[in-house]
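>>> show me how the following folds:
(chains A and B)
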Amino acid sequence: MDEIAPEYDVVVLGTGLTECILSGVLSVKGKKVLHIDRNAHYGGEAASVNLETLFKKYGNYSEGEEPWKKYGRLNDWNIDLVPKFLMSSGELTNILVSTDVTRYLEFKQVAGSYVQQGSGPKATVAKVPSDAGEALKSPLMGIFEKRRMKSFIEWVGTFDPKDSSTHKGLDINNCTMKDVFDKFGLENSTKDFIGHAMALYQTDEFITAKGKAPEAIERIRLYGNSVARYGKSPYIYPLYGLGELPQGFARLSAIYGGTYMLNTDVDEIKYDGDKAVGIKATMTGMDEMKFETKAGMIIADPSYFPGQAKVVGHVLRAICILKHPLAGTNDSDSAQLIIPQSQVGRKNDIYIACVSAAHNVCPKDYWIAIVSTIAETTSNHHLELQPGLERLGKIEEQFMGAPIPIYEPTESGSKSNIFLSKSYDATSHFETTTDDVKDIYRRATGEELKVEGLREGINVEQ
Amino acid sequence: MSESAPKPSSSVKLVLLGEAAVGKSSLVLRFVNNDFQENKEPTIGAAFLTQKCNLPSRTIKFEIWDTAGQERFASLAPMYYRNAQAALVVYDLTKPTSLVKAKHWVAELQRQASPGIVIALVGNKLDLTSDSKTADSDEEGADGEDDSGDARKVSTEEAKAYAEEESLLFFETSAKTGHNVSEVFTAIANAIPETSLKSARGAGASNTAAGRASEEQRVNLGNARESGSKDNCAC
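Sure, this is the predicted structure:
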């Protein structure tokens, strides 16, 4: 009785967040979706796993040992493989709300957003000031700089890209962000934390790129709006880990008729000329089942079509288990700490994302801190993460594998009918993920994805 | 229906499990809307249904989660079991393989769900068996084509013995006539320990480690959106 239909509008391969959001949205829009994953779990590369799975994935224990057994109940651990936070006013939040996927999830604030100034033993860790009041109290700036920062932040609040009277006499669409900073007389160290810890740029390219100022200002504004929403930090995080997000969107898809198959290998893609028109696959797990179905289009993560993706960089990542909060974060149950590249002589920032039992991702009295950056060298990668690891104090367990390649599709999909997503990048939030969702939606359907009111006017049986 | 002091009210997440077409959704529809649809299509579009159950000392609000078909290819997400305080495992009295499947789901719940979960094993489609005549002589239903025959293939004794072995609540129901349906939910509501009802919903209920102290950091995205749209910028 459990049969695969002879044809689906969309076949989706891989259950990462990008793919699951697309399945959910396309199902809501009435498309018949078949969603497959070769793994036994949801989330693909961006799943949340327990400690045993993590040890086995990284293989850092001896045969016959079971080191995970000393860390309490296995089911209490939900460790993210890709660390990210949601901006509380960001696009993923908007999509969660407009699709009602919020009904399946619970979110908590991340307690604080911090930035490092200086390096080594002299480094200062301080909260990122998000409004004029906090700017005046921040230890990151001297007394005069605080006032300049205050007037800059106030100006960002009134800035309107269409109203030149708010542009401080700058040719805003052609000047650089450096011109804007200089207008306020801001020092380099201030530019640094504004650009990296508020606008969340990972390199310094934004400072000198012409025409980038409106985008940078928009990013600073998103940060401020996100902080204003709940107060403590701009970030929120789902209880039980990020792996809940793809599951939530998969449920949305299923509720609108999407069919889900884990443990399923794609054996062959059927082509008509250059165009993919179907798949042959085998489901294992329970009883083996081979099947073939036609596909109106295929959406996939790059691991399903390595020949149609290119490597654009490598992420370095160390997942660390701690028994204490991050130093300098006021004993927070969770925090983001950004170490801007210039502070430690790098080109790319180092991020630390820290969550704890307060988010139901580990047992009481543990913290999970994930340090990441983009690789700049071809060897000794642990040295690149060192400034981040130094912030952690005593580390109970550390999981660091080979550099993780970041893939991007080499073609739009218009010829092959195969629409590939990008790998999860090194940014600390999901804004680039939702950009990718919108890009794939546009490429695949020829329409813009309108997030507002996604489920409005659609009849839901209640 | 006037009551003096409002009784304490708690939300309980209840998940539905069972083979396709055993009547999971029909049972819920009967419980929630007191309604029955012949030849109901497989479930589409329902996120979850809610229904209150009034007990003498408290009110339980069931949040009833449907599998949305994700169980068909063994692809239910862990999220489905997460914080479920009750489960309804349904089989079809006229189909022995559906009891085998139900036992599989019970084992899965014991493996994946919170340790204190209340599980009810429910044999549905009692209206297709001969017992329905004696049990529900005054009820509607049972006037179709060949109701005279007894289609029962799973004996009450067999299922009951299994339920006792696994400490499950056990009922035989008919979603079509409504027989025993509200009794199942009332029994579940009564079986849920008072202690697990402390926090209204979700994570806090089962994970005391997270503690109530951090409760104030919970955020409600739905509300946030409305209030958030008012302020343009924090700056």
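>>> now the helices for the stretch 101-250 of chain A?
Secondary structure of the stretch 101-250 of chain A (DSSP state H, counting those that start in this stretch): helices at A:132-137, A:143-158, A:177-183, A:188-193, A:205-208, A:213-230, A:244-255.
>>> please identify the deepest-packed of these.
Among those, helix A:244-255 has the highest mean neighbour count (mean count of other C-beta atoms under 10 Å in any protein chain shown), at a mean of 28. Backbone N, C-alpha and C define where each C-beta goes, glycine included.
>>> who does the following helix or strand past that one pair with, and is each partner parallel or antiparallel?
The C-terminal neighbour of helix A:244-255 among helices and strands, as given by DSSP states H and E, is strand A:259-261. According to DSSP bridges, strand A:259-261 forms sheet pairs with strand A:33-36 (parallel).
>>> and the contacts of the partner strand?
The contact list for strand A:33-36 (C-beta atoms under 8 Å, 6 or more residues apart in numbering or on different chains) reads A:4-5, A:8-15, A:19-20, A:23, A:26-27, A:250, A:253, A:257-262, A:264, A:266, A:279, A:281, A:293, A:295.
>>> residues of it that come out buried?
The neighbour-count criterion (16 or more other C-beta atoms under 10 Å in any protein chain shown) identifies A:33-36 as the buried residues of strand A:33-36.
>>> returning to what we had before: worst average pLDDT in the helices of the stretch 101-250 of chain A?
Ranked on mean pLDDT, the bottom entry among the helices of the stretch 101-250 of chain A is helix A:132-137, at a mean of 87.
>>> output the contacting helices and strands for that one.
With contacts taken as 3 or more C-beta pairs under 8 Å, 6 or more residues apart in numbering or on different chains; DSSP states H and E, helix A:132-137 sits against helix A:143-158.
>>> next SSE after the lengthiest strand in chain B?
Ranked by residue count, the top strand of chain B under DSSP state E comes out as strand B:9-18. Heading C-terminal from strand B:9-18, the first helix or strand you meet, by DSSP H and E, is helix B:24-33.
>>> what about that following helix, average pLDDT?
88.
>>> relative to strand B:9-18, how tilted is it?
Between helix B:24-33 and strand B:9-18, the angle comes out at 150 degrees (axes from the mean of the first three to the mean of the last three C-alpha atoms, to 10 degrees).
>>> show residues contacting whichever helix or strand comes after helix B:24-33.
Sequence order places strand B:48-54 as the next helix or strand after helix B:24-33, per DSSP H and E. By C-beta under 8 Å, 6+ apart, the surrounding residues in contact with strand B:48-54 are A:103, A:462, B:7, B:9, B:28, B:31-32, B:59-66, B:185-186, B:189.
>>> mind exporting strand B:48-54 as PDB, just the C-alpha atoms?
Output of strand B:48-54 as PDB, limited to C-alpha atoms (Å, rounded to 0.1, in the frame of the first residue of the first chain):
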ATOM      1  CA  PHE B  48      -2.100  19.600  15.200                       C
ATOM      2  CA  LEU B  49      -5.600  19.600  16.700                       C
ATOM      3  CA  THR B  50      -6.400  20.600  20.200                       C
ATOM      4  CA  GLN B  51      -9.100  19.600  22.500                       C
ATOM      5  CA  LYS B  52      -9.800  20.100  26.200                       C
ATOM      6  CA  CYS B  53     -10.500  17.300  28.600                       C
ATOM      7  CA  ASN B  54     -12.200  18.300  31.900                       C
END
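>>> just how off-centre is that strand within its chain?
Mean-position distance between strand B:48-54 and its chain equals 10 Å (C-alpha atoms, centre = their mean, to the nearest Å).
>>> stretch A:364-383 too?
Computed by C-alpha atoms, centre = their mean, the chain-centroid distance of stretch A:364-383 equals 16 Å.
>>> same check, this time on stretch A:79-88
Put simply, stretch A:79-88 sits 6 Å off its chain's centre (C-alpha atoms, centre = their mean).
>>> and for stretch A:263-272?
Distance, stretch centre to chain centre, for stretch A:263-272: 29 Å (C-alpha atoms, centre = their mean).
>>> contact partners of that stretch?
With C-beta under 8 Å, 6+ apart, stretch A:263-272 has contacts from A:13, A:36-40, A:276-285, A:290, A:292, A:294, A:298, A:304, A:418, B:73-75.
>>> coming back round to it: got the buried residues for the longest strand of chain B?
In terms of neighbour count (16+ other C-beta under 10 Å), strand B:9-18 has its buried residues at B:10-18.
>>> before we move on, what about stretch A:442-457?
For stretch A:442-457, by 16+ other C-beta under 10 Å, it's A:443-445, A:449, A:451, A:454-455.
>>> check stretch A:250-270 too.
Using 16+ other C-beta under 10 Å as the test for burial, stretch A:250-270 gives A:250-264, A:266, A:269.
>>> and for stretch A:28-48?
Across stretch A:28-48, burial judged by 16+ other C-beta under 10 Å covers A:28-29, A:31-38, A:41-48.
>>> among those residues, name the ones in strands.
Filtering those for strands - DSSP E - leaves A:33-36, A:48.
>>> let's have those in a markdown table, adding pLDDT.
Below are those laid out as a markdown table (pLDDT from 0 to 100):
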| residue | pLDDT |
| --- | --- |
| A:V33 | 98 |
| A:L34 | 98 |
| A:H35 | 98 |
| A:I36 | 97 |
| A:S48 | 96 |
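>>> from those, which two are the most distant?
Maximum pairwise distance among these (C-beta to C-beta): 24.6 Å, between A:L34 and A:S48.
>>> which one is A:V180 nearest to, not counting chain neighbours?
Leaving aside its sequence neighbours, A:V180 sits nearest to A:A213 (C-beta to C-beta, 6 or more residues apart in numbering or on different chains; 5.2 Å).
>>> how about that neighbour, what does it touch?
Neighbours of A:A213 in contact, by C-beta under 8 Å, 6+ apart: A:170, A:172-173, A:175-177, A:179-180.
>>> return the set of buried residues in the longest helix along chain B.
Longest helix of chain B, by residue count under DSSP state H: helix B:96-112. Using 16+ other C-beta under 10 Å as the test for burial, helix B:96-112 gives B:98-99, B:101-102, B:105-106, B:108-109.
>>> which one of those residues is nearest to A:E205?
Nearest member of the buried residues of helix B:96-112 to A:E205, counting by C-beta to C-beta, is B:E108, at 50.6 Å.
>>> circling back: tell me the helix or strand right after the longest helix of chain B.
Using DSSP H and E, the helix or strand that follows helix B:96-112 in sequence is strand B:118-124.
>>> run the chain-centre distance for the lowest-mean-pLDDT helix or strand in chain A.
The helix or strand of chain A with the lowest confidence, counting by mean pLDDT, DSSP states H and E, is helix A:132-137 at a mean of 87. The gap between where helix A:132-137 is centred and where its chain is centred comes out at 29 Å by C-alpha atoms, centre = their mean.
>>> got it, and stretch A:440-448?
Per C-alpha atoms, centre = their mean, the centroid offset for stretch A:440-448 relative to its chain is 21 Å.
>>> please save the CA atoms from that stretch in PDB.
What follows is stretch A:440-448 as a C-alpha-only set of coordinates in PDB (Å, rounded to 0.1, in the frame of the first residue of the first chain):
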ATOM      1  CA  ILE A 440      17.100  28.500  -5.600                       C
ATOM      2  CA  TYR A 441      13.400  29.300  -5.500                       C
ATOM      3  CA  ARG A 442      13.900  32.000  -8.200                       C
ATOM      4  CA  ARG A 443      16.000  29.700 -10.400                       C
ATOM      5  CA  ALA A 444      13.700  26.800 -10.000                       C
ATOM      6  CA  THR A 445      10.300  28.400 -10.300                       C
ATOM      7  CA  GLY A 446      11.100  31.700 -12.200                       C
ATOM      8  CA  GLU A 447       9.300  33.600  -9.400                       C
ATOM      9  CA  GLU A 448      10.400  35.500  -6.400                       C
END
